[in-house]
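Enquirer: sequence first, then the predicted structure, then my questions.
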Amino acid sequence: MPDIKRSLIKSPSIFGYGSEAANSSLDVLASQAVLTEATRQVDIIHTSFAGVTAIVVMLLGAVALPIFGYAPVKAAIPLAVIILASIVGVGYLYYVNYRVHQHVSQQARLTEVLVNSLGQGFLSFDSDGLCGQVYSQACIELLETMPAGKSIEEVLHIPQEQHNDFKDWMEILFLPNHALGFEDVIKFMPQLFVHSKGRRINLVYRPIRMRSGALFQVVVIATDQTEEYEAQERVKQQQNFAEMICRIFRERNQFRATLAHIREFLDAAEAPDIKRNEAAPLLRSLHTLKAAVKHFHLAVLGDIVHKLEMDLRSDKINSDAMFVEVLHEGSKKIAVALADVKNEVRDLVGQDYERRGNMHEVEESAIHAFAREMQAHNVDPEVIHRFLATIAAVSVHDCFRTFERELHDLADLMGKQVKPIRYTGTNPRILTQPIQHFLFSLTHICRNIVDHGIEPPITRMARGKDPAGQVSVHAEITTDDRRNEWLHLIVSDDGNGIDPSRIRTRLASIDPEGSWRHEDDQTIIQRIFNWGVSTSDTVTDISGHGVGMEAVEREVTLLGGTIQVQSELYKGTRFDIRVPYILDLAKPGAMPVSTAKIRPAGGLRPV
């Protein structure tokens, strides 16, 4: 900070040359244009003092005439005139000053009433950070203190660890010559006051300058914007609710799948004898649910799920009993929030929201059941195959609609730009029910691409890239040497890539003596599929838990497939996924995956 202060003294403004001079010119013009009533009254007082002084000098001169060799005033008439003129003059001047005093008092009372009626807190502080004796009554309510004579750090509740930085900016503010203008420096001052009752108090700063242009004091204006903020939040909630309904209408199948997964979790949370060190499936499911509910703008439910996940991962939980207690309490809140969501949807779209006009949605399970019934009646296998391919199967591109929409939503949330997904390959039709959980887990790849992969626009331009990132999806059916068919998916981006050194740093904190110490970079980056490994330094609502990619890898493995990641630093990342291609009821994998229980995870996997 001292280096910054030295660089700011007598240097041209980085926000535009001559900004300080322009401000001073405006202040001078304002002072010349505005002659307030108070200034005129002060001029009258000065004139009155001059008149009193003249009278006193006249009387003293008449008394002192003999001292200078002149005859004293002995005639009664001249003496009476002098005395009468003095009395009249003093009386008139006293009357004028009384009127001035009365007027100024009235103006002061009126100003006090007006200032207090605004409901804003007004106070001022000098270069030493001490508040002046003049402040508005609202300061007591809004700033919760009487600021007179106190330091501005104490009045604004500046945290102790920020005192030094605050004083440095204060010193810069009152420097006679510095590169930053007043408006630039106050951006580093507190803009909100932390109120004990949760009220939103906005802070605005205004300068008081001397005629020379030097900053004399700073006025702080505190305004209660709680109602405006709450109104804005209500508008956001209404917009969020409208977006939720629209998204449910557009993606009803995905919404029903989300509700089913929530019920899965609630059932699993009620299982007896839950052990903390065996709860990986629950935590994995909870992390996946958080992404799903936020995709449908279920804000309240999403916050409850996020809080429960963080509570279950807290170091404060040191026993199985405490873990179960927190889990059950959180599950109850999720169940209540889920019931509210279902009621909102039912009221808005009706009891039979699955039927609209001549269209009727048939569950995938019913289609599969009908296909199996045809199979039981020895219907031609080619007919069954064509039935599934035409009625039950959907194109891969359709499966990625939710993925693409979430990709753009997250990019907007993080201030990044993403182009429409570029599709390549053959766009095969697939049965989604056998790979339902795998498709559900792709949300984690989406979130990792936005959070870790795609850079902010300014960073991409500095690296010579297009400001908007490009995500590509390649899909095709391949056949191996044993004539087994595979659905081959490649999801790639042209973003930041994966830095192996960051993974090694994370692994060093988890398993300092692990076998990873002897692995090459390509092998190391495969470790992102291990539990608890994340390249993010912070935990956010989007990613940073080291759980999401492990969930994807697990779903691929359960299907008998493989997933690998290739990455080049600052060039991009690609996820190469192969899962069995199922479009035949005779194949074991074609049987619908049970949604009654969460599949076992086999405990935590070591790094």
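Expert: Structure received. Since we're looking at a predicted model, the values are computed, not measured.

Enquirer: show me where pLDDT drops low in the stretch 451-600 of the chain?
Expert: 532-546, 584-600 (pLDDT under 70).

Enquirer: look up how far Gly198 lies from Met146.
Expert: 22 Å (Cβ to Cβ, to the nearest Å). All C-beta spots, glycine's among them, are computed from the backbone N, C-alpha and C.

Enquirer: same drill for those two, tell me which one is more crowded.
Expert: Met146 (14 against 7; other Cβ atoms under 10 Å).

Enquirer: which SS class is that one?
Expert: Using DSSP: H, G, I helix; E, B strand; the rest coil, the structure places Met146 in coil.

Enquirer: now it: how far from Leu203?
Expert: Distance of Met146 to Leu203, computed by Cβ to Cβ: 17 Å.

Enquirer: same thing with Arg506?
Expert: 40 Å.

Enquirer: of the two, which one has the most company?
Expert: Using other Cβ under 10 Å as the criterion, Arg506 and Leu203 rank with Arg506 on top: 21 against 18.

Enquirer: in PDB, list the C-alpha atoms belonging to whichever strand or helix holds that one.
Expert: For Arg506, the element it lies in under DSSP states H and E is helix 500-510. C-alpha atoms of helix 500-510 as PDB (Å, rounded to 0.1, in the frame of the first residue of the first chain):
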ATOM      1  CA  PRO A 500      -1.200 -31.800 -13.600                       C
ATOM      2  CA  SER A 501       0.800 -29.800 -11.000                       C
ATOM      3  CA  ARG A 502      -2.500 -28.600  -9.400                       C
ATOM      4  CA  ILE A 503      -3.600 -32.200  -9.100                       C
ATOM      5  CA  ARG A 504      -0.300 -33.300  -7.600                       C
ATOM      6  CA  THR A 505      -0.600 -30.500  -5.000                       C
ATOM      7  CA  ARG A 506      -4.100 -31.700  -4.100                       C
ATOM      8  CA  LEU A 507      -2.900 -35.400  -3.900                       C
ATOM      9  CA  ALA A 508       0.000 -34.300  -1.700                       C
ATOM     10  CA  SER A 509      -2.400 -33.000   0.900                       C
ATOM     11  CA  ILE A 510      -4.600 -36.200   0.700                       C
END
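
Enquirer: give the buried residues for that helix.
Expert: Buried positions in helix 500-510, judged by neighbour count with 16 or more other Cβ atoms under 10 Å: 500, 502-503, 506-507, 510.

Enquirer: list the contacts for Met244?
Expert: Contact analysis of Met244 by Cβ atoms under 8 Å, 6 or more residues apart in numbering lists 296-298.

Enquirer: what about the closest residue to Ala269 other than its chain neighbours, how many neighbours?
Expert: In space, and not counting its chain neighbours, Ala269 is closest to Ser331: 4.3 Å by Cβ to Cβ, 6 or more residues apart in numbering. By other Cβ under 10 Å, 20 other residues sit near Ser331.

Enquirer: might you list the low-confidence residue ranges for the stretch 51-200 of the chain?
Expert: 51-52, 65, 73-74, 79, 101, 103-118, 178.

Enquirer: mind checking how far stretch 85-104 is from the chain centre?
Expert: Distance of stretch 85-104 from the chain centroid (Cα atoms, centre = their mean, to the nearest Å) equals 63 Å.

Enquirer: that one: which residues count as buried?
Expert: 86, 93, 100.

Enquirer: contact partners of stretch 389-397?
Expert: Where contact means Cβ under 8 Å, 6+ apart, the residues beyond stretch 389-397 that reach it are 364, 367-368, 371, 423, 425, 427-433, 473, 475, 487, 489, 583.

Enquirer: that older thread, for His261, see how far away the residue nearest to Ala269 is.
Expert: 14 Å.

Enquirer: before we move on, what about Asn240?
Expert: 21 Å.

Enquirer: the two - which one has more neighbours?
Expert: His261 (20 against 13).

Enquirer: for the more buried one, what are its contacts?
Expert: Going by Cβ under 8 Å, 6+ apart, the list of residues near His261 reads 285, 288-289, 292, 440, 595.

Enquirer: so of those, which ones are in helices?
Expert: By the criterion of DSSP state H, membership of the contacts of His261 in helices covers 285, 288-289, 292, 440.

Enquirer: report the buried residues of the host helix or strand of Glu243.
Expert: Assigned by DSSP H and E, Glu243 belongs to helix 226-250. The neighbour-count check on helix 226-250 (16+ other Cβ under 10 Å) flags 244, 247-248 as buried.

Enquirer: next, count neighbours for Gln436.
Expert: Neighbour tally, Gln436, other Cβ under 10 Å: 18.

Enquirer: could you measure it against Pro428, distance?
Expert: For Gln436, the distance to Pro428 - Cβ to Cβ - is 17 Å.

Enquirer: cool, and Ile367?
Expert: Taking Cβ to Cβ, one finds Ile367 at 18 Å from Pro428.

Enquirer: try Pro272
Expert: Shown here: Pro272 relative to Pro428, a distance of 43 Å by Cβ to Cβ.

Enquirer: neighbour count winner among these two?
Expert: It is Pro428, of Pro272 and Pro428, that has more neighbours when counted by other Cβ under 10 Å, with 18 against 5.

Enquirer: what's the closest non-adjacent residue to the more buried one?
Expert: Ile477 (5.0 Å).

Enquirer: in the helix or strand hosting that neighbour, what's buried?
Expert: Assigned by DSSP H and E, Ile477 belongs to strand 471-479. Neighbour counts over strand 471-479 (16+ other Cβ under 10 Å) mark 471-477 as buried.

Enquirer: from the contact counts, what lies against that strand?
Expert: With contacts defined as 3 or more Cβ pairs under 8 Å, 6 or more residues apart in numbering; DSSP states H and E, the packing partners of strand 471-479 are helix 396-399, strand 422-425, strand 485-493.

Enquirer: ok, which of these comes nearest Asp380?
Expert: Closest to Asp380 of those is strand 485-493 (Cβ to Cβ; 20.7 Å).

Enquirer: for the closest one, give me every contacting residue.
Expert: Contacts of strand 485-493 (Cβ under 8 Å, 6+ apart): 396, 425, 428, 430, 435, 442, 445, 449, 453-454, 469-480, 561, 572-581.

Enquirer: can you show me the CA trace of it as PDB?
Expert: Provided in PDB are the C-alpha atoms of strand 485-493 (Å, rounded to 0.1, in the frame of the first residue of the first chain):
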ATOM      1  CA  GLU A 485     -21.400 -52.500 -30.000                       C
ATOM      2  CA  TRP A 486     -20.500 -49.400 -28.000                       C
ATOM      3  CA  LEU A 487     -21.900 -45.900 -27.700                       C
ATOM      4  CA  HIS A 488     -18.800 -43.700 -28.100                       C
ATOM      5  CA  LEU A 489     -19.200 -40.200 -26.800                       C
ATOM      6  CA  ILE A 490     -16.500 -37.500 -26.800                       C
ATOM      7  CA  VAL A 491     -17.300 -34.300 -24.900                       C
ATOM      8  CA  SER A 492     -14.600 -31.600 -25.400                       C
ATOM      9  CA  ASP A 493     -13.900 -27.900 -24.800                       C
END
